[in-house]
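Student: Fold the following for me, if possible:
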Amino acid sequence: MSNTDTENQITQQIGERIKQARKEAALSQKELGDALMLSDKAVSAYEVGRAQPSLETLQKLSRITHKPISYFVDESDPDDFDLQIRIRKIENELLEIKKILRKK
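Tutor: Numbers count the residues shown, from 1 in each chain. I've put the predicted structure just below:
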């Protein structure tokens, strides 16, 4: 696979993740574009892989959709990633419970 093919594949993957995050946030392309100070056409171009967002845009996307930047660029399955986040939250809760129990 050539570098161009790999880059296209990464751009497609990022686009799919942007679309999924937008839908999970219950935003239209226009609403997300407005929040990013971009056009809905730019959002569409990202989602279908015609364009790749800048790091600044990914940071804004992260804040708007409440997803870490790694969600958009990580090569693992997004469902696996969401599961990892849930596991980390549970681990943190268990640590808090453990601290409380030690105090007693």
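Student: From now on I want contacts and neighbour counts done on CA atoms only, so please keep to that.
Tutor: Fine.
Student: pLDDT wise, what is Leu83 at?
Tutor: For Leu83, the pLDDT comes out at 62.
Student: need the contact list for Ile69.
Tutor: Leu58, Gln59, Leu61, Ser62 (C-alpha atoms under 8 Å, 6 or more residues apart in numbering).
Student: For Pro68, give its distance to Leu101.
Tutor: 32 Å (C-alpha to C-alpha, to the nearest Å).
Student: Same check on Lys89?
Tutor: 18 Å.
Student: Could you do Ile64 as well?
Tutor: For Ile64, the distance to Leu101 (C-alpha to C-alpha) stands at 37 Å.
Student: try Ala26
Tutor: 40 Å.
Student: Likewise for Phe72?
Tutor: 38 Å.
Student: who has more neighbours, the two?
Tutor: Using other C-alpha atoms under 10 Å, the more surrounded residue of Phe72 and Leu101 is Phe72, with 23 against 9.
Student: what's near enough to touch that one?
Tutor: Contacts of Phe72 by C-alpha under 8 Å, 6+ apart are Gln13, Ile14, Arg17, Ile18, Leu58.
Student: CA atoms only: put stretch 61-70 into PDB for me.
Tutor: Presented in PDB, the C-alpha positions along stretch 61-70 are these (Å, rounded to 0.1, in the frame of the first residue of the first chain):
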ATOM      1  CA  LEU A  61     -14.300  19.000  17.700                       C
ATOM      2  CA  SER A  62     -13.000  17.300  20.800                       C
ATOM      3  CA  ARG A  63     -14.500  20.100  23.000                       C
ATOM      4  CA  ILE A  64     -17.800  20.200  21.100                       C
ATOM      5  CA  THR A  65     -18.400  16.500  21.000                       C
ATOM      6  CA  HIS A  66     -16.800  15.600  24.300                       C
ATOM      7  CA  LYS A  67     -14.500  13.100  22.700                       C
ATOM      8  CA  PRO A  68     -10.800  13.000  23.200                       C
ATOM      9  CA  ILE A  69      -8.700  13.900  20.100                       C
ATOM     10  CA  SER A  70      -7.400  10.400  20.000                       C
END
